[in-house]
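Enquirer: what's the 3D shape of this:
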Amino acid sequence: MFTSFRAARWLRTLNLVLQAILFVALFGGLNYVAKNHAWRFDLTRNRKFSLSPETLSYIQNLPRPVHLVMTLSPESDNPEARGLIDEYVYATAERPAGRITKEVLDVYQNRRRAEELGIDQPDILVLLSDDKRRVVTVNELYALKDKKRHSFHGEQVLTAAMLDVASPGRQKIYFLVGHAELRLGDADPSRGLSAARDQLKLRNFDVEEIDLTVNRKIPDDASLLVITAPQSKYSRAEQELLRQYLGTNAGRMVIFLAPGTSVMALGLDDFLLDWGVLVHDDVIADTGAENVAENGDLLIRAYAQHPVTKTLIDYGATLRLGVARTVIPDPGRSLGGGLHTVTLAATSPTAWGERSFRGGVLPRYDPGIDTRPLPGMDPPDRLGVGVASERLGVRDNLPFSVRGGKLVVFGTGDLIANARIEQGNLAIFLNAVNWAVDRDRQLRIPSRPVERFQLTLSAADFSRLRYALLLILPGSALVLGLLVYWTRRT
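Expert: Presented below is the predicted three-dimensional model:
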């Protein structure tokens with residue numbers, strides 16, 4: 001029976017069916033094992049697909065889930081960010097309580113979803129956890145060198161942001177009012193701070209105004225106080241509240257002081273000198289055409305290395321200031337006591353501080369009267385327009401310091417007004433806020449170099465490559481075919 005053609009055909013068919021079943025069963029079993037008992041190995045040189053042990057210890061204990069939305073534009077090219085986000089998702093896949101999920105959103109093609117999430121720009125990462133949210137731009141994930149992406153520290157930035165949004169509570173920022181300061185609820189271009197308020201809320205801060213003449217106390221939940229262009233004097237009681245908050249309670253403050261009202265008239269002169277900050281009663285003038293915009297804004301491009309100015313240095317950003325005054329570290333300050341002051345931003349060497357400025361009159365430098373840079377001050381030959389001061393207390397000569405107060409003073413009143421808070425101005429303001437409330441502290445996670453591969457070919461190389469693709473490869477296949485044909489024939 002088995003010698004018949006029909007039986008042989010059926011036997012061969014059964015053999016093929018069994019082979020197909022075994023083939024499907026093999027691959028089905030391999031996929032089952034891979035899904036339920038997966039092993040992953042990162043064989044890349046810089047371990048670009050591996051999270052650090054510190055990050056893993058943090059995200060595997062998140063108290064709440066985090067949803068990460070990555071917005072894209074047609075020109076987006078961020079492979080490091082995409083790979084990193086995938087690793088966060090994979091690392092928390094088995095933890096429903098603190099799971100990290102992702103969503104890639106094209107804000108131009110999916111407008112409904114973008115409006116639902118309150119997102120209106122590409123190339124940002126929005127981290128959401130219950131009612132808290134944090135926005136991180138893609139550029140914040142990279143460190144620049146020569147205006148090119150040099151290293152990737154997205155793991156540090158995103159891990160810190162996830163810890164922030166997943167933790168209960170929000171940091172609260174109070175803007176002082178009662179002295180004709182700029183107001184949060186005002187949409188006026190020159191006197192309003194509504195845009196600054198929205199930017200802070202977008203970054204998960206609670207923002208509120210406070211009048212110390214009414215409250216007579218700085219709230220215990222104040223993470224930061226902001227003073228914007230006050231015009232009248234603070235009472236002795238208010239001055240004492242500010243002094244105790246910043247000194248005794250290690251508080252944090254950012255102050256914007258417009259020219260025209262002296263710090264003595266505001267009652268803040270002794271307070272600022274205690275923190276090593278000297279504010280001149282002048283108006284900065286500059287004769288350099290490249291240092292003044294067409295509308296008269298003062299252009300600032302010189303910065304010291306500091307967390308507040310890091311973004312501006314990396315991206316070559318420019319500050320645009322309206323009327324500004326000189327702010328420098330006090331030359332007579334005590335160098336002890338753990339007080340550290342630094343000039344954040346400075347004018348060009350052609351600027352001076354005009355002390356007898358009158359509107360409509362062309363300013364002119366008067367030696368011995370107007371303000372010029374002091375010898376030995378850093379940066380040399382420039383006037384400061386912003387100073388950061390920090391007090392660190394060292395205990396018992398131990399090799400670490402304890403938290404102290406932080407103060408940032410800018411010599412302009414409208415740097416964050418609605419008409420100016422963009423690009424460099426927005427960057428330095430947000431950096432000052434983050435530094436003051438300790439959001440800038442970096443986790444001990446190493447940065448990774450950005451790998452670039454470049455193929456350089458000359459015109460002759462291109463010609464040889466073209467002929468190889470068009471002639472040599474097809475010709476080789478043709479010759480091989482002819483050889484096979486000739487072999488069979490013979």
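Enquirer: break this protein down into its structural domains.
Expert: The chain breaks down into these domains under automatic domain parsing: 1-39, 53-166, 173-436.
Enquirer: looking at the ones you listed, which is closest to residue 489?
Expert: domain 1-39 (31.3 Å; Cβ to Cβ). Where you see a C-beta, it was placed from the backbone N, CA and C, and this is true even at glycine.
Enquirer: pull out the buried residues from that closest one.
Expert: Across domain 1-39, burial judged by 16 or more other Cβ atoms under 10 Å covers no residue at all.
Enquirer: distance from it to the middle of the chain?
Expert: 57 Å (Cα atoms, centre = their mean, to the nearest Å).
Enquirer: what mean pLDDT does that domain have?
Expert: Averaging pLDDT along domain 1-39 gives 80.
Enquirer: residue nearest the middle of this structure, spatially speaking?
Expert: By Cα atoms, centre = their mean, the mean C-alpha position of the chain lies nearest to residue 140, the distance being 4.1 Å.
Enquirer: so what's it up against?
Expert: With contact set as Cβ atoms under 8 Å, 6 or more residues apart in numbering, residue 140 has these partners: 157, 311.
Enquirer: let's see it at 10 Å
Expert: Counting by Cβ atoms under 10 Å, 6 or more residues apart in numbering, residue 140 touches 124-125, 153-154, 157-158, 161, 311, 314.
Enquirer: how much space between the closest residue to residue 300 other than its chain neighbours and residue 432?
Expert: Residue nearest to residue 300 in three dimensions, not counting chain neighbours: residue 319, with 3.9 Å by Cβ to Cβ, 6 or more residues apart in numbering. Per Cβ to Cβ, to the nearest Å, residue 319 is found 12 Å from residue 432.
Enquirer: tell me the SS of residue 426?
Expert: Classification of residue 426 by DSSP: H, G, I helix; E, B strand; the rest coil places it in helix.
Enquirer: number of residues surrounding the closest residue in space to it that isn't next to it in sequence?
Expert: Once flanking residues are discounted, residue 426 sits nearest to residue 199: 6.6 Å by Cβ to Cβ, 6+ apart. Neighbour count for residue 199, taken as other Cβ atoms under 10 Å: 19.
Enquirer: got it, and residue 247?
Expert: Number of residues near residue 247 (other Cβ under 10 Å) recorded here: 15.
Enquirer: pretty sure it is in a strand, no?
Expert: No - Residue 247 is assigned helix when assessed by three-state DSSP, not a strand.
Enquirer: that one and residue 338 touch, don't they?
Expert: No - assessed by Cβ atoms under 10 Å, residue 247 is found out of contact with residue 338, at 12.0 Å.
Enquirer: any shared contact partners between these two?
Expert: With Cβ under 10 Å, 6+ apart as the test, residue 247 and residue 338 both reach 391, 404.
Enquirer: if we can go back for a sec, mind pulling the model confidence for the residue nearest to the centre of the chain?
Expert: Residue 140 carries a pLDDT score of 82 in this model.
Enquirer: one more: residue 46?
Expert: The score at residue 46 is 60. That number is its pLDDT.
Enquirer: that older thread, okay, the domains of the chain in CSV with distance to residue 490 next?
Expert: Compiled in CSV, those are given as follows (distance: least, Cβ to Cβ, whole Å):
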stretch, distance to residue 490
domain 1-39, 33
domain 53-166, 55
domain 173-436, 72
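Enquirer: of those domains, which approaches residue 482 most closely?
Expert: It's domain 1-39; of these, that one is closest to residue 482 (Cβ to Cβ) at 34.6 Å.
Enquirer: ranges for the helices of the protein?
Expert: With DSSP state H, the ranges of helices along the chain come out as 5-36, 53-59, 79-91, 111-117, 154-166, 194-202, 212-215, 236-243, 263-266, 269-274, 310-315, 424-436, 459-467, 473-489.
Enquirer: and those, which one is worst for confidence?
Expert: Note on the helices of the chain: helix 53-59 shows the lowest mean pLDDT, a mean of 76.
Enquirer: check which helices and strands that one sits against.
Expert: helix 79-91, helix 154-166 (3 or more Cβ pairs under 10 Å, 6 or more residues apart in numbering; DSSP states H and E).
Enquirer: deepest-packed of the ones you listed, please.
Expert: Greatest average neighbour count among the helices and strands packed on helix 53-59 goes to helix 154-166 (a mean of 21), per mean count of other Cβ atoms under 10 Å.
Enquirer: just the angle for that one relative to helix 79-91, thanks.
Expert: Counting by axes from the mean of the first three to the mean of the last three Cα atoms, to 10 degrees, helix 154-166 lies at 50 degrees to helix 79-91.
Enquirer: what about helix 154-166, distance to the chain center?
Expert: What separates the centre of helix 154-166 from the centre of its chain is 11 Å, taken as Cα atoms, centre = their mean.
Enquirer: what helices or strands is it leaning on?
Expert: In terms of contacts (3+ Cβ pairs under 10 Å, 6+ apart), helix 154-166 is packed against helix 53-59, strand 66-72, helix 79-91, strand 100-106, strand 124-129, strand 132-137.
Enquirer: with distance to residue 300 added, can I get the ones you listed in a markdown table?
Expert: Below are the helices and strands packed on helix 154-166 laid out as a markdown table (distance: least, Cβ to Cβ, whole Å):
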| stretch | distance to residue 300 |
| --- | --- |
| helix 53-59 | 37 |
| strand 66-72 | 31 |
| helix 79-91 | 31 |
| strand 100-106 | 36 |
| strand 124-129 | 26 |
| strand 132-137 | 22 |
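Enquirer: between those, which gets nearest to residue 28?
Expert: Using Cβ to Cβ, the helices and strands packed on helix 154-166 put helix 79-91 closest to residue 28, at 22.9 Å.
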